[in-house]
Structure formats: structure tokens, C-alpha cells
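S.K.: Sharing a model that was predicted from the sequence below.
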Amino acid sequence: MIFATLEHILTHLSFSIVSIVIAIHLMILSVHEIIGLRHSSEKGMLATFFSLTGLLVIRWISSRHFPLSNLYESLIFLSWSFSIIHMVSKLWNHKNDLSTITASSAIFTQGFATSDLSSKMHQSAILVPALQSQWLMMHVSMMLLSYAALLCGSLLSVAFLVITFRKNIDIFFRSKNVLILIKSFFFGKIQYSNEKRSVVKSTSFLSFPNYYKYQLIQRLDYWSYRVISLGFSFLTIGILSGAVWANEAWGSYWNWDPKETWAFITWTIFAIYLHTRTNQSLHGTNSALVASIGFLIIWICYFGINLLGIGLHSYGSFT
């Protein structure tokens, strides 16, 4: 009873804190800089991390097994993984370009975990025989850490594409304005002087590159590659440990179960992404497109298969 009460308190406390963090980030984005709020958001993510850590530890003690036996527990662990990535990225990058993405991802997973859709899984249950193995902690934790890292890296690539696309549109219209300005200079009349003046105003900053946007694009590309590389390493370890566990539980290293098949597809997509990074001509937009596809594939692998509840990995499904 005490453990259940503590779980309930920590679950809603972590969700409330990360909600406040999201609100702070939205205020920072709208006003650009508000003194003290950025520091408060970092403290909020730290408090979220400790709340989720306490929740997982309490559930581990009460259930007497590592809390990764169903979808609810995996969502809590995934949210905890996002908070870990947030803090690690903060240590490496003082600007913390991942902060908005990690906080948003944490509130999404935390919100779904506490929703009525997964309410039947809130109570811990005895593990089925196939899950009563030491490989549970190794395999599932590596897979969820890889999902968290790959999702963050993919979202950075999506942001890279959005900013690059908007930048290309701006360049197109400004170039068009320059052509209008040249044409009016040679062929225009005196009555078009006001139009030319307005065009000059809209194109005057072409001589001053937008260094902030350029630097932001470079940082998004840089961190996307690093985070996806980390997630790919976790995914590889998770798949290999899962193969060893499958051999112990089912007598075969690979069974082409739906979960295994989509895990292999996910691994292949991000292997292609890392390959594109080795080719200078495929850097930037091309590699970001591959990572964006990977974002959808991850959700199919993690969540779509659980919705269907089919195959040998149906332990974490809604059914």
C-alpha cells in the first residue's frame, strides 16, 4: 500500500514538473531570453530525473524484478531516458540545443503512461517464465535507451530540415527581389522609385549573412549525428543481447518475430544514416531525411507492435 502511494505521488509529481519545464521553454522561445527561467528549467529537469528514478526504484523493490515488464513501465523508463539525455547533453553543450526536444519527449511519454489507456498496467504483476531472466535488464534497458537517443537525434534532424527549408524559401524570395531590383534599375521609370526603395530594404541584409541561423543549423546537424551514433550503439547492443536471450528462452537466436523484424529495419535505416555521414556529398539534407524516416520507424517498432499485441514480444502490449 505504501509503495503504491509513493508510486502515485512520484508519477504525478514528475509529470507536473516536466509540464512546468515545457511552459518555461515556451516562454523562453517566445521572449528569447528571460532572466532566471532557463536556469529554472534545468532544475526542473533534474527534479524530474530524481522523481522518475525514485519511481523506478520503488517499483523495482515492490515487484522484486526490474521494472520493464510491460508498456507502462517501459514508458516510464523511456521518459527517464529522455531526462538522462537532457542532463548529459547539458554537460557537453552549455547551450543545450536538446533541451526543448528532451523535455517535450519526456512529457509526451509521461503523459501517455499516466493516461487511462495504460491504467490496467499500473499495477505490477508476476513475470511470465520467459521474462524471468537476467537478460531482461540488459536487453530491454539497452533497447529503450536506444529508442530515446534515436528519437532525440531524429527530431534534431527534423528541426534541421524545417529550418533549412525555410532558409531556402527566404533565399528564393530574396533572390527574386534582387532580380526585380536589377530590372527596375535598368528598365524602370521614376515613378517606380518607391517600389525600388522597398525592395532594397527587404534585400539589404543579403550582404550580412545570418550567422545565428547558420550556426543553429550546424549545431543541429552536429548533435543529431552524435546522439544518433550513441543510440545506434545502444540499439546494436540491445539486439545482440536480445538474440542471446532468445536462444535461451526459445531455442533460436532469431525468429523473425514482428518486433525483431522492425528492430532490424530500424537498425538498417540508421546504419544507412551513418553511412551517408561518411560521404561529404550526402551530408546535411540527405542524411537528415533518412533520420526523419527513422523517427517513424522507431515508433512503429516500439509502439505499433505493442498496439497489435502479436508475436513473441506481446508481453508489453495493451492485451
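M.R.: Thanks, I have it.

S.K.: C-terminal to the lowest-mean-pLDDT helix or strand in the chain, what's the next element?
M.R.: Least confident helix or strand of the chain, by mean pLDDT, DSSP states H and E, is helix 193-203 with a mean of 44. Next helix or strand after helix 193-203 toward the C-terminus (DSSP states H and E): helix 211-250.

S.K.: so what does that following helix touch, helix or strand wise?
M.R.: Under the contact definition 3 or more CB pairs under 8 Å, 6 or more residues apart in numbering; DSSP states H and E, helix 211-250 sits against helix 71-92, helix 135-187, helix 258-277, helix 285-299. For every residue, glycine as well, the C-beta is placed using N, CA and C.

S.K.: Next up, the contacts around residue 254.
M.R.: 243, 246, 260 (CB atoms under 8 Å, 6 or more residues apart in numbering).

S.K.: where does it land in three-state SS?
M.R.: What DSSP: H, G, I helix; E, B strand; the rest coil gives for residue 254 is coil.

S.K.: and the gap between it and residue 308?
M.R.: 20 Å (CB to CB, to the nearest Å).

S.K.: repeat for residue 146
M.R.: According to CB to CB, residue 146 and residue 308 sit 21 Å apart.

S.K.: Looking at the helices and strands packed on helix 211-250, which is nearest to residue 64?
M.R.: Closest approach to residue 64 among the helices and strands packed on helix 211-250 is made by helix 135-187 (12.5 Å; CB to CB).

S.K.: Quick one: mean pLDDT for the closest one?
M.R.: Averaging pLDDT along helix 135-187 gives 74.

S.K.: Neighbours of residue 111, how many?
M.R.: Residues within reach of residue 111, counting by other CB atoms under 10 Å, total 14.

S.K.: Can you report how many residues neighbour the closest residue to residue 262 other than its chain neighbours?
M.R.: Counting by CB to CB, 6 or more residues apart in numbering, residue 301 is the residue found nearest to residue 262 once chain neighbours are left out, at 3.8 Å. Residues within reach of residue 301, counting by other CB under 10 Å, total 25.

S.K.: Over to residue 137?
M.R.: Per other CB under 10 Å, the neighbour tally for residue 137 reads 15.

S.K.: how close does residue 70 sit to residue 305?
M.R.: From residue 70 over to residue 305 the distance is 14 Å, taken as CB to CB.

S.K.: Could you give the average pLDDT over the host helix or strand of residue 14?
M.R.: Counting by DSSP H and E, the element that carries residue 14 is helix 2-31. For helix 2-31, mean pLDDT rounds to 65.

S.K.: which strands and helices sit next to the helix or strand that it is followed by?
M.R.: Per DSSP H and E, the first helix or strand lying C-terminal to helix 2-31 is helix 37-63. Packing partners of helix 37-63 (3+ CB pairs under 8 Å, 6+ apart): helix 2-31, helix 71-92, helix 99-113.

S.K.: Tell me which of those helices lies nearest to residue 284.
M.R.: Short answer: helix 99-113, nearest of these by CB to CB, at 19.1 Å.

S.K.: In the stretch 201-319 of the chain, where is pLDDT below threshold?
M.R.: By pLDDT under 70, the weakly predicted segments of the stretch 201-319 of the chain are 201-212, 309-319.

S.K.: and with 50 instead?
M.R.: For the stretch 201-319 of the chain, residues meeting the criterion pLDDT under 50 lie at 201-209.

S.K.: Report the residue ranges of every domain in this structure.
M.R.: Following automatic domain parsing, one gets these domains for the chain: 1-120, 131-319.

S.K.: Out of the helices and strands packed on helix 211-250, which is the most enclosed?
M.R.: With neighbours taken as mean count of other CB atoms under 10 Å, those reach their highest mean count in helix 71-92, at a mean of 22.

S.K.: Give me the mean pLDDT for it.
M.R.: Averaging pLDDT along helix 71-92 yields 83.

S.K.: quick one, phi psi at residue 134?
M.R.: phi -70, psi -20 (degrees, to the nearest 10).

S.K.: okay, now it: neighbour count?
M.R.: Applying other CB under 10 Å, we find 10 residues neighbouring residue 134.

S.K.: Could you pull out the buried residues of stretch 46-66?
M.R.: Residues of stretch 46-66 classed as buried by neighbour count (16 or more other CB atoms under 10 Å): 46-49, 51-52, 54-56, 58-60, 62-63, 65-66.

S.K.: between these, which is closest to residue 155?
M.R.: residue 48 (18.3 Å).
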